[in-house]
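Colleague: Could you look at this predicted model? Sequence included:
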Amino acid sequence: MDGQPTPRILLCGETALSIEFGDAIDATINRRVHALADHLRSGSLAGILELNPTYRSLFVQYDPWELSHERLLMLIEEGLAATRARPAEQRDPVEIPVCYGMEFGPDLDVVAAIHGLTSDAVVALHAAPVYDVVMVGFTPGFPYLSGLDKRLETPRKASPRKVVPAGSVGIADRQTGIYSIDSPGGWQIIGRTPVRLFDLERADPFLVKPGDRLLFTPIPREDFEGLAHS
């Protein structure tokens, strides 16, 4: 045995299943979620309508007229066996330029003070890792990222803002993420990217998807406007 817990397969009405791999935010669990999602996508299976990976589970919506419940369970069990010892595909990271601090990162100094760091040190620590996009949600295209340096783990703000501008990069506890549209939010905002993560005018509105990898690249203030209009 490899010591990995056996996933639970739960019914979600008559047209969906949820495969739960654990009950915690854990990189190994999330890799198993994406490995199964990649496996099912690669099969181009008729009847599977949507695959929604989260931190610890995979939601599968299907058409029972094309794919029976019994057949789907068999395919899931086969996928779990095939991916148990194989990690999800490692994709090239998507580079996201970020202007840290100033009007773009009103909480940068707050985060630095909480941890006894300089603002430059916070930027260096935040931009160092290659992050995993573990799930997308909250608003269209908002990526939840794992891999934040433990020295930057910071609680949410006591009072959320009514409006956080699109592109804002924030920290909330063990997570970092990017606001994809203007929305309320309580994350500690340390920077902003001029790149649009969600754009209905693109053929694919979503810049990043679950299972992608992401790398932040610090940019100076003078580069922000040019990239925003490019």
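Modeller: Now that the structure is in, tell me what you want to look at. Residues are numbered from 1 along each chain as shown.

Colleague: where does the protein have low pLDDT?
Modeller: By pLDDT under 70, the low-scoring segments of the chain are 1-4, 44, 85-90, 229-230.

Colleague: quick one, helices of it?
Modeller: When assigned using DSSP state H, the helices of the chain occupy the ranges 27-42, 69-83, 108-115, 119-127, 221-228.

Colleague: Can I get those helices in CSV including mean neighbour count and distance to T139?
Modeller: Where you see a C-beta, it was placed from the backbone N, CA and C, and this is true even at glycine. Formatted as CSV, these follow (neighbours: other Cβ atoms under 10 Å; distance: least, Cβ to Cβ, whole Å):
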stretch, mean neighbour count, distance to T139
helix 27-42, 20, 20
helix 69-83, 15, 29
helix 108-115, 17, 22
helix 119-127, 18, 21
helix 221-228, 13, 19
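
Colleague: This structure - how does it break down into domains?
Modeller: With domains defined by automatic domain parsing, the chain comprises 8-83, 94-228.

Colleague: Buried deepest among these, which one?
Modeller: domain 94-228 (a mean of 18; mean count of other Cβ atoms under 10 Å).

Colleague: can you give me the end-to-end distance of that one?
Modeller: Between the opening and closing residues of domain 94-228 lies a distance of 17 Å (Cα to Cα, to the nearest Å).

Colleague: Quickly note the distance from the residue located most distally from the centre of the chain to P218.
Modeller: Relative to the mean C-alpha coordinate of the chain, counting by Cα atoms, centre = their mean, the farthest residue is W65 (32.1 Å). The span separating W65 from P218 equals 51 Å under the rule Cβ to Cβ, to the nearest Å.

Colleague: What does R202 show for phi and psi?
Modeller: phi -80, psi 150 (degrees, to the nearest 10).

Colleague: Excluding chain neighbours, what is closest to L145?
Modeller: The shortest distance from L145 to any residue that is not its chain neighbour, by Cβ to Cβ, 6 or more residues apart in numbering, is 3.9 Å, and that residue is Y131.
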